[in-house]
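[1] Just the structure for this:
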Amino acid sequence: MRTISVFLIVAALIAGMVDYGGRESYTLTIGSSPGGSVITPGQGSFAYYEGSAVDLVAGIELGYRFVSWTGDVHTIANVNDATTTITVSGSCSITANFGKVNFMVAAGHTHTVGLRSNGTVVAVGCVVFNNYEQLGQCNVDNWTGITQVAAGSDHTVGLKSDGTVVAVGSNSSGQCNVTSWGNITQVEAGSSHTVGLKSDGTVCAVGLSDDGQCNVASWTNISQIAAGGTNTVGLKSDGTVVAVGDNDYGQCDVGGWTDIVQVAAGKSHTVGLKADGTVVAVGYNDIGQCNVGSWTDIIQVAAGDRHTVGLKADGTVVVVGSNWAGQRDVGDWSNIIWVAAGGSHTVGLKSDGTVVAVGWDDFWQCAVETWDLN
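    The predicted model follows:
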C-alpha cells in the first residue's frame with residue numbers, strides 16, 4: 001500500500017497536478033495583440049501551482065504603447081501596468097494589449113521637442129544662457145498637422161501629414177530650406193543639415209555639406225535615415241547601411257553591417273539596432289559611447305553628442321558614454337516607449353504621454369515635467 005501511495009504522489013507531481021502541500025496545478029495561457037509580446041514568462045501555456053505569484057512583463061514594439069491586460073484578470077495586481085504580477089487561482093487566459101501611438105519626442109543640442117497626438121508641437125530649451133544666442137528653434141507653436149519631428153543643433157524640422165516639411169531656427173547653411181520638399185515620409189536633422197526620406201526610397205538633403213553629408217542623391221531603396229553631427233546614414237531595405245560625410249573617427253564605417261532595423265547618428269558616432277535586439281556602433285569612443293556590445297532586447301536606439309541610449313522591450317532604458325551632466329541617470333525610468341538623445345541630455349516618452357528628461361538643463365531643455373503629449 002505504501003509503495004502504491006508513493007507511486008501515485010510521484011505520478012501526480014510529474015503530471016503537474018499537485019505538490020507535496022496538496023496544491024493543484026493550473027494552466028496560465030498568455031497571448032498578445034499586435035504591437036508587442038509578453039517577454040516574461042513568455043507566450044503560450046504554462047503550469048503553475050495554486051497561489052503562485054507569476055511576474056508579467058509585456059515587451060513593447062517601437063511606435064506602440066501598452067494599453068492593458070484583458071481576459072481572466074481578477075488576480076492581476078495592476079491591469080494597466082506592463083510590468084505586474086498575477087496570482088494563480090485557477091486555469092485562466094490573459095492577453096497583453098497594445099495600441100499604436102502618434103506622439104513622439106526629439107532632442108537637439110540645447111532644446112527638446114514634443115509632438116502631441118493632435119499634430120501640434122511643443123518645445124523647450126530656448127532660454128538664453130551665457131549670451132548663447134537662441135535662433136527660433138522653439139518657434140513651433142503654430143505648427144499643425146505634424147506627424148514627425150526632428151531636432152538639430154539649432155533648428156527644428158516637422159513632417160506634415162501631406163508629405164511636406166516645415167523648419168524653424170538657424171538657417172546659416174540653408175538647413176531650413178525645405179519648403180519645396182514633397183512626398184517625404186521621414187525627416188532628420190543634423191548639426192547644420194536636414195535630411196528627408198522620400199516615399200520612393202530616395203533621399204534629399206539641404207544645409208552644410210563641407211564633409212559631403214548632403215551627398216545622398218544617388219541613394220535608393222532606403223527605408224530609414226539618420227543625421228549626425230556632420231554625417232548622414234541610410235538604412236537600406238535589405239538591412240544593410242550606407243553613410244556619407246565626415247569619417248574622421250570611422251563613424252561612416254558601416255559597410256559590413258547586416259540585419260539592421262534602425263540607425264541613429266550622434267555627433268561623431270553611428271549606432272545600429274539589429275533584428276535580434278542587439279546593437280552595434282562605430283566612431284568616436286573616447287567615453288564609451290560605442291560600448292553597446294552587451295545590450296540585448298533593445299527596440300530603439302538614440303545617439304547624442306557623446307552618449308548612446310537604448311530602449312528595452314520592457315520599457316526600461318540603458319545608456320553608455322558621457323555622464324558629465326547626468327544624462328545617463330535613467331535607472332528608475334519605466335514604461336518608456338520612445339527615447340531621444342540631445343547634446344548632453346536624454347529624454348524619455350512614457351506610455352501615458354508624459355515625458356521625463358535628465359542631463360544638461362542650463363537652457364531648460366529638460367523642463368518637460370508638465371508635458372502631456374497624449
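[2] ranges for the helices of the protein?
    Ranges of helices in the chain, per DSSP state H, are 2-15.
[3] what does the domain assignment say about it?
    2-100, 104-359 (automatic domain parsing).
[4] Please identify the deepest-packed of those.
    Highest mean neighbour count among those (mean count of other CB atoms under 10 Å): domain 104-359, with a mean of 21. C-beta: built from backbone N, CA, C; applies to glycine.
[5] How far off centre is that domain?
    11 Å (CA atoms, centre = their mean, to the nearest Å).
[6] From one end of that domain to the other, what's the distance?
    Taking CA to CA, to the nearest Å, the first and last residues of domain 104-359 lie 19 Å apart.
[7] What of stretch 290-298?
    15 Å.
[8] So what touches it?
    Residues external to stretch 290-298 that are found in contact with it (CB atoms under 8 Å, 6 or more residues apart in numbering): 39, 59, 269, 271, 273, 277-285, 301, 308, 310-314, 318, 320-321.
[9] Of these, which belong to strands?
    Taking DSSP state E as the definition of strands, those contribute 39, 59, 269, 271, 273, 279-283, 301, 308, 310-312, 318, 320-321.
[10] thinking in terms of the whole chain, how far from its middle is stretch 99-107?
    On CA atoms, centre = their mean, the centre of stretch 99-107 falls 9 Å from that of its chain.
[11] Let me fix that, I meant to ask about stretch 355-362.
    Centre to centre, stretch against its chain (CA atoms, centre = their mean), the figure for stretch 355-362 is 17 Å.
[12] With stretch 72-85 instead?
    24 Å.
[13] okay, and for this structure, where does confidence drop off?
    Residues of the chain meeting the criterion pLDDT under 70: 1-21, 128-133.
[14] cutoff 80 now
    Within the chain, the stretches with pLDDT under 80 are 1-22, 126-134.
[15] Okay, Gly22 and Tyr49: tell me how far apart.
    10 Å (CB to CB, to the nearest Å).
[16] try Gly359
    Where Tyr49 is concerned, Gly359 sits at a distance of 46 Å (CB to CB).
[17] ditto for Tyr26
    From Tyr26 to Tyr49 the distance is 8 Å (CB to CB).
[18] Quickly list what's touching both of those two.
    Val88.
[19] if we can go back for a sec, ok, which of the domains of the chain comes nearest Cys366?
    domain 104-359 (3.8 Å; CB to CB).
[20] now the strands: where do they sit in the stretch 251-374 of the chain?
    260-265, 269-274, 279-283, 298-303, 307-312, 317-321, 336-341, 345-350, 355-359 (DSSP state E, counting those that start in this stretch).
[21] Which secondary structure elements does the last one sit against?
    Strand 355-359 is packed against strand 345-350, with contacts defined by 3 or more CB pairs under 8 Å, 6 or more residues apart in numbering; DSSP states H and E.
[22] got a list of contacts for the strand it packs on?
    Contacts for strand 345-350 (CB under 8 Å, 6+ apart): 103-105, 107, 112, 114, 302, 304, 307, 309, 317, 319, 325, 327-328, 330, 333, 335-341, 355-361, 365-366, 368, 373.
[23] Is it possible to get TSV of the strands of the stretch 251-374 of the chain that adds distance to Ser199?
    Output for those, formatted as TSV (distance: least, CB to CB, whole Å):
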stretch	distance to Ser199
strand 260-265	19
strand 269-274	23
strand 279-283	28
strand 298-303	23
strand 307-312	27
strand 317-321	32
strand 336-341	23
strand 345-350	26
strand 355-359	30
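[24] out of the ones you listed, which comes closest to Ala226?
    strand 260-265 (4.1 Å).
[25] same for that closest one, what does it pack against?
    strand 222-227, strand 231-236, strand 269-274, strand 298-303.
[26] Quickly run through the sheet partners of the last one, with directions.
    Read that as strand 298-303. Paired neighbours of strand 298-303 in the sheet (DSSP bridges): strand 307-312 (antiparallel).
[27] The partner strand vs strand 279-283, what angle?
    170 degrees (axes from the mean of the first three to the mean of the last three CA atoms, to 10 degrees).
[28] the inter-axis angle of strand 307-312 versus strand 355-359?
    Going by the same axes, to 10 degrees, strand 307-312 makes 150 degrees with strand 355-359.
[29] Residues contacting strand 307-312, please?
    Contact partners of strand 307-312, identified using CB under 8 Å, 6+ apart, comprise 62, 264, 266, 269, 271, 279, 281, 287, 289-290, 292, 295, 297-303, 317-323, 327-328, 330, 336-341, 344, 346.
[30] Grab the nearest non-local neighbour of Ala357.
    Cys366 (3.8 Å; CB to CB, 6 or more residues apart in numbering).
[31] I'd say Trp181 and Cys204 touch.
    Yes: contact status for Trp181 versus Cys204: in contact at 6.4 Å, counting by CB atoms under 8 Å.
[32] overlap in contacts of those two?
    Gly196.
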